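Asker: Sequence and predicted structure are below.
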Number of protein chains: 2
Amino acid sequence: MNGIPFVFWLVPVASIVALCVAYYFFSKMMKADEGTPRMREIAEYVRKGAMAYLKQQYRVVLIVFIVLALIFAFMAYVLKVQNPWVPFAFLTGGFFSGLAGFFGMKTATYASGRTANAARESLDKGLTIAFRSGAVMGLVVVGLGLLDIAGWFIALNLVYHGENAALITITTTMLTFGMGASTQALFARVGGGIYTKAADVGADLVGKVEANIPEDDPRNPATIADNVGDNVGDVAGMGADLYESYCGSILSTAALGATAFTLNSDMQLRAVIAPMIIAAVGIFLSLIGIFLVRTKEGATMKELLHSLGVGTNISACFIAIATFIILYLLDIENWLGVSFSVISGLIAGVIIGQATEYYTSQSYKPTQKIAEASQTGSATVIIKGIGTSMISTCVPVLTISVAIMLSYLCANRFDLSMSTHSISMGLYGIGIAAVGMLSTLGITLATDAYGPIADNAGGNAEMSELGEDVRKRTDALDALGNTTAATGKGFAIGSAALTALALLASYVEEIKIAMIRATASGHQFVNAMGQIFQPETASMPEFMEFFQVNLINPKVLIGVFIGAMAAFLFCGLTMGAVGRAAGAMVEEVRRQFREITGILERKATPDYSRCVEISTRSAQREMIFPSFLAILIPIVIGIVLDVAGVLGLLVGGLAAGFTLAIFMANAGGAWDNAKKMVEEGNFGGKGSECHKATIVGDTVGDPFKDTSGPSLNILIKLMSMVSIVMAGLTVAFI
Amino acid sequence: MNGIPFVFWLVPVASIVALCVAYYFFSKMMKADEGTPRMREIAEYVRKGAMAYLKQQYRVVLIVFIVLALIFAFMAYVLKVQNPWVPFAFLTGGFFSGLAGFFGMKTATYASGRTANAARESLDKGLTIAFRSGAVMGLVVVGLGLLDIAGWFIALNLVYHGENAALITITTTMLTFGMGASTQALFARVGGGIYTKAADVGADLVGKVEANIPEDDPRNPATIADNVGDNVGDVAGMGADLYESYCGSILSTAALGATAFTLNSDMQLRAVIAPMIIAAVGIFLSLIGIFLVRTKEGATMKELLHSLGVGTNISACFIAIATFIILYLLDIENWLGVSFSVISGLIAGVIIGQATEYYTSQSYKPTQKIAEASQTGSATVIIKGIGTSMISTCVPVLTISVAIMLSYLCANRFDLSMSTHSISMGLYGIGIAAVGMLSTLGITLATDAYGPIADNAGGNAEMSELGEDVRKRTDALDALGNTTAATGKGFAIGSAALTALALLASYVEEIKIAMIRATASGHQFVNAMGQIFQPETASMPEFMEFFQVNLINPKVLIGVFIGAMAAFLFCGLTMGAVGRAAGAMVEEVRRQFREITGILERKATPDYSRCVEISTRSAQREMIFPSFLAILIPIVIGIVLDVAGVLGLLVGGLAAGFTLAIFMANAGGAWDNAKKMVEEGNFGGKGSECHKATIVGDTVGDPFKDTSGPSLNILIKLMSMVSIVMAGLTVAFI
């Protein structure tokens, strides 16, 4: 292991510390009392439902993983168009991501009953249990992610040490383990998203609209499924999504670092480990932030938000400062500029979060106007919501654009000459900006995962019919969770976009390596003019020229068109899936109301588990086709339209997918809060015509914000990932 | 005029014939009886409202035109970055487009009363009057468009004859007169779109939902404004949109032809006039088609569709055959391949039309499923509609993609070498595919403009309280109009996309010319490596390299991002505008019901003109900001991110805008027909809960399909057009 600087060991240490603290939080939470027998019973239902779902999902995913691993093995050992370590890297990536989801969800389902019980004592106790249990998810994700990265880095260094261009081979091999995380995230996000909204929409349509019983009412047979859904979608799904972004950004930045400094192997090594070190330090800073989150009894919404804000902001500020120190000590070329790249990613994350809050919180004009539109009925609520959210794409897109430009230019000293080194440095800057944005994921994910725990605690309190004051506390915790969920979504989309960009840049490198490998085994590449192309010595612009990746090439144009369409298609398919799955749920709830006499009079218990089963089964069935398509499209485009088409596809899919995702997330969030605003007594309050109109908006927004929108995060990353893994195959067809 | 082949004279002749036949149809229609005094009165109201709107709109547009013409004059005469003819070309383009809108709308508003009256006699008479009046719009658009093209071509040939590279200068100068058509179309589409839906949504919200009176009921004060809106949006707006596509495709193809054959001036001239000849022949074939449209009494919907289909299909088949003959006789290089390019455009148009019909007609599953979703309420109608329409983008995008590829490859003999000549030929192929798609615009636009005439005839019959049998006939004509309107929208979007692509290709040529002009006046271009760049001798790939138009350049990436966002932003702004304008209308209608006693008891007449005024004023006010933005974005990007950013912007905007436009048009059409399906007695029929749920869908769909969706057609063309006109300015900043 000589050669790897001592500071690298910070990486495995940080990941182990994260896992230890996660275990500490988990065991402390487990010691808390779960409350009355009724509360335990309900928590048990949700837990069992969630685990049943996860088991079923992992079964499907396992089959997919076996098939894909065999394909990769075939590509690696028979076709020889893939690095031999890839099948294994792929499997560990998926395994660790799945493990993180399992731990996160287990914790969440144990925590919600205990949060409700703690809320019987005080608000602070409730917040602490819920938030620290959310932190388990955050810490497990960053801990396992970084552990996997560190493990492979050490192992591959032992294998390849001393070989020529070893670091490039190592980092690009490791990059493909992101494919495992991507595949896991695909199924977790799409399946979880369909599950949660099928249950939610189904429960609402019959419960609130037809039977006129409140949300989370124990008489509603779908209510347990709805609570399971929160865990499945917002804990496991969100976790897998961000696990993918986290690993993807670190790995692609490492790969970009390896190619940026091919001539200086010492600098190269430092550039490769820099993103890992930043992530490791980010873990420690997240821990500080997590321990800072507390509140006092009777805290207002603003104070609650403030207490979470203190944690995340302090972590973010510290990592900003730490970055300068890390990059200075690592003596990275242009360390000051590269540090500013990281800062631009961090600031972009904050701005996108703020913009999301502005467009979705009822404290601001946009959502208020949507609530106001309820006075002329549900149609105007929808029109206003769609119109406003389309406009809301403006700030995040401009922010990401500026962040791309700044992180590129800061890292390459404002050099637009397009020399190979300046391009490589610029792309490294974009990658490390994504790392910066995601470095404090430990705490940001904690605030995200806190949401469904608080939501479930509220559901538990409601179903266990706890006292008014307890429900008031759980409502406060829940409302806080809604706000953090909205900003968390903005963060997830923004980081997905930056990660996808970094992956896009790595794709070109991966193609280069695949071409060098092909040349070594005797393949010759001839360009359009009939000249032989030497991938080993070619510069980045020469690669672009060889593949004619310019915007007049019809292959590129078609790629962009299909990329934009893929985003819409994927959204449409997942929306349709929710519609069908929710329909099945509606039928079942109606059947139970009809056939099990006495449910509405509280004389009989509904068959909760049947609803859980239906959601599970529909989600599993419905997720197959869109997932299959997301994997297939980049492969087909690669074979038919080669590298030019794939780059067009990735860029078109990224731009349209990012914009569409923000539109959908913001529309869903704004409709949700417009409904809440009416429920708080505005425009006639609960039960009024305006309330009904906003319920329609909220129901439409459910699949927008929790299924289709988030699934797009996966799509834009996955398409890049698939292209990277299939680079060898694409090259073989040239 | 020596040099121009004799066959060219077919172009002015065809345009004059088109105008003569239009006049013949108009005067024949005017001789028909307008019916009872009540019918005349209502027709008069609509006519006055429409003309008042047009006058107001032209007033705003005039100011914009004066300002822009002054800017162009400044650029041409002071900055010398623009051809001196451009300000004048720009003005005529706008003037002729406005004139076409004026004639079309005048005819439509005279025809609807007469159609209703003719329907008192027979279905065929009604159809003939309505359709031939629609044909006036179609013929005036193609006639004036081609006349303008022919006039400038003759005039500029007289001026530049004998000069070096004259044809390139001529065609690129003429291309900018498309900017006039674009600007006119922008205001006509955006303003008209806002007007029509403000009136429609406003009328529906109070009339149908609150006061519970049927559509087109004379008691509703907004009903005249609603009928005016159909003319303003669907006649004048649609006409201006397609006028722009028609001229844009012919002009850009001419420009691409001029650059494809710089070494063979004879071939060059023939390549330039080829698209004009195809358009001229298309006019004669459209006329044949128009005269073939007839029907018999008691015709079913299918038979009515068939009679329109006969006309359009025969025209399309004939033009396909004629193309081979024209290009063979003109002896265009690779005439057979180029002919197949035209065919691919024609077929793409047909497939997109069919796909639109499949996804929006109640005869097929998608719309039936949306109607079915009404059983679980309006939220599921919206979810299902959005999901299905997002999926519906798949076929049109793939069709356009294949059409791009085929028209490119057929024209350049399947040569992907990216040599300059092969690229130029390929781009010429894409351009001429757009011309093929639009060549029979005379009749396709006739079927489009027929829609609002039939719709208004139905409104007139309803308001004049004509007998049941007459209303049944006008209903049949109206239903036919709804179907043609939906396919017409698909056609408009598809042709806009192909036209925008051709304009995109011309943009690069325009930049080249601007650079040559700049070089001639002493400017020197230095590339990233510090070498001097010679625009005169540079090949297309060298241009791409000079501007680094590859997908790794952050400028390009940012351009694509902002292009995608611009499409969403433009949609959001127009949706918001409709919401606000409809709100004002709702207030006014409520006020009249409250203050004018006896309206609902038919004892007092509502103040129709006040509603017309409100719609006019809101539309004018609301169209300014989005229009301003559409013009500004490409200029700013050009200055900040130069050619790389602009090309990214155009491609991103085109791909995302095209997909979004299809999504919105199909969603709106499907919701409209789902509502009709329920009204026909399915799922409980009129007045049922299901009906109410589908009305929500229809209301949401109104701005989707008639405001925001169509406005995107303009956006994607206009951004290219502005970039072309501003090429000189962009180059000055390099």
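Answerer: Looks like it arrived, so ask away. Numbering: from 1, shown residues only, chains lettered A, B, ... in the order given.

Asker: Please report phi then psi for A:Ser688.
Answerer: With angles defined as degrees, to the nearest 10, A:Ser688 sits at phi -80, psi 170.

Asker: Report the contact partners of the closest residue to it other than its chain neighbours.
Answerer: Setting aside the residues directly before and after it, A:Ser688 is nearest to A:Val678 in space (Cβ to Cβ, 6 or more residues apart in numbering or on different chains), at 7.2 Å. C-beta: built from backbone N, CA, C; applies to glycine. When contacts are counted by Cβ atoms under 8 Å, 6 or more residues apart in numbering or on different chains, A:Val678 touches A:Ala371, A:Ser374, A:Gly684, A:Gly685, A:Lys686, A:Ser688, A:Cys690, A:His691, A:Thr694.

Asker: Same check on A:Ile352?
Answerer: A:Val395, A:Pro396, A:Thr399, A:Ile400, A:Gly490, A:Phe491, A:Ile493, A:Gly494.

Asker: Separate out the buried members of these.
Answerer: Listed as buried from the contacts of A:Ile352 are A:Val395, A:Pro396, A:Thr399, A:Ile400, A:Gly490, A:Phe491, A:Ile493, A:Gly494; burial here means 16 or more other Cβ atoms under 10 Å in any protein chain shown.

Asker: ok, and of these, which contact chain B?
Answerer: Among the buried ones among the contacts of A:Ile352, the ones lying near chain B by Cβ under 8 Å from any Cβ of the partner chain are A:Ile400.

Asker: can you tell me the residue of the stretch 51-200 of chain A closest to chain B?
Answerer: A:Lys197 (9.4 Å; Cβ to the nearest Cβ).

Asker: Can you tell me the SS state at that residue?
Answerer: helix (DSSP: H, G, I helix; E, B strand; the rest coil).

Asker: how close does it get to A:Leu649?
Answerer: 28 Å (Cβ to Cβ, to the nearest Å).

Asker: close to chain B, is the worst-scoring helix or strand of chain A on mean pLDDT?
Answerer: Lowest by mean pLDDT, DSSP states H and E among the helices and strands of chain A is helix A:540-546, with a mean of 84. Yes - Helix A:540-546 comes into contact with chain B (Cβ under 8 Å from any Cβ), by way of A:Met540, A:Pro541, A:Met544, A:Glu545.

Asker: how about the first one, what does it touch?
Answerer: By that I understand A:Met540. Taking Cβ under 8 Å, 6+ apart, we find A:Met540 in contact with A:Met418, A:Thr420, A:Ile423, A:Ser424, A:Val508, B:Ile552.

Asker: In CSV: those residues, plus neighbour count and secondary structure.
Answerer: Below are the contacts of A:Met540 laid out as CSV (neighbours: other Cβ atoms under 10 Å in any protein chain shown; DSSP: H, G, I helix; E, B strand; the rest coil):
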residue, neighbour count, secondary structure
A:Met418, 21, coil
A:Thr420, 17, helix
A:Ile423, 28, helix
A:Ser424, 24, helix
A:Val508, 24, helix
B:Ile552, 22, coil
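
Asker: what's the distance between the residue nearest to A:Thr707 when sequence neighbours are not counted and B:Gly101?
Answerer: Excluding the flanking residues, the one nearest A:Thr707 by Cβ to Cβ, 6+ apart is A:Gly193, at 3.6 Å. From A:Gly193 across to B:Gly101, the span is 46 Å (Cβ to Cβ).

Asker: picking up where we left off before, can you tell me which of the buried ones among the contacts of A:Ile352 is nearest chain B?
Answerer: Nearest to chain B out of the buried ones among the contacts of A:Ile352 is A:Ile400 (Cβ to the nearest Cβ; 6.5 Å).

Asker: Let me see the ranges of the strands in chain A.
Answerer: Taking DSSP state E, the strands of chain A run over residues A:525-526, A:532-533.

Asker: Against which helices or strands is the first one packed?
Answerer: Applying 3 or more Cβ pairs under 8 Å, 6 or more residues apart in numbering or on different chains; DSSP states H and E, one finds that strand A:525-526 contacts helix A:468-520, strand A:532-533.

Asker: Work out the gap between it and the centre of the chain.
Answerer: Centroid separation between strand A:525-526 and its chain, computed with Cα atoms, centre = their mean, to the nearest Å, is 39 Å.

Asker: ok, now the last one?
Answerer: Computed by Cα atoms, centre = their mean, the separation of strand A:532-533 from the middle of its chain amounts to 41 Å.

Asker: Which strands border it, and is each parallel or antiparallel?
Answerer: Applying DSSP bridges, strand A:532-533 is found paired with strand A:525-526 (antiparallel).

Asker: and the strand it pairs with, average pLDDT?
Answerer: The average of the pLDDT scores along strand A:525-526 is 88.

Asker: isn't A:Gly134 right next to A:Asp448, touching?
Answerer: Yes - contact criterion Cβ atoms under 8 Å: A:Gly134 and A:Asp448 qualify, at 7.1 Å.

Asker: of these two, who's got more company?
Answerer: Higher neighbour count among A:Gly134 and A:Asp448: A:Gly134, with 32 against 27, using other Cβ atoms under 10 Å in any protein chain shown.

Asker: Would you check how far apart A:Leu242 and A:Gly104 are?
Answerer: Using Cβ to Cβ, A:Leu242 is found at 11 Å from A:Gly104.

Asker: between these two, what contacts are shared?
Answerer: By Cβ under 8 Å, 6+ apart, the residues touching both A:Leu242 and A:Gly104 are A:Val141.

Asker: Helices of the stretch 251-400 of chain A, start to end?
Answerer: All helices of the stretch 251-400 of chain A, identified by DSSP state H, counting those that start in this stretch, fall at A:265-292, A:301-330, A:335-360, A:365-373, A:378-391, A:394-411.

Asker: counting contacts, what elements does the second one pack onto?
Answerer: When you say that, I think you mean helix A:301-330. helix A:123-160, helix A:265-292, helix A:335-360, helix A:441-463, helix A:468-520.

Asker: Excluding sequence neighbours, find me the nearest residue to A:Ile250.
Answerer: Counting by Cβ to Cβ, 6+ apart, the residue nearest A:Ile250 is A:Pro275, at 4.7 Å.

Asker: actually A:Gly488, not the one I typed
Answerer: Closest to A:Gly488 by Cβ to Cβ, 6+ apart is A:Asp448, at 3.8 Å.

Asker: And the pLDDT at that neighbour?
Answerer: 88.

Asker: I'd like to check which residues are in contact with it.
Answerer: A:Gly134, A:Met137, A:Gly138, A:Asp234, A:Met238, A:Leu242, A:Thr484, A:Ala485, A:Gly488, A:Ala492.

Asker: So the fifth one sits against A:Phe491, correct?
Answerer: So that's A:Met238. No - the criterion here is Cβ under 8 Å, and A:Met238 misses it with A:Phe491 at 10.3 Å.
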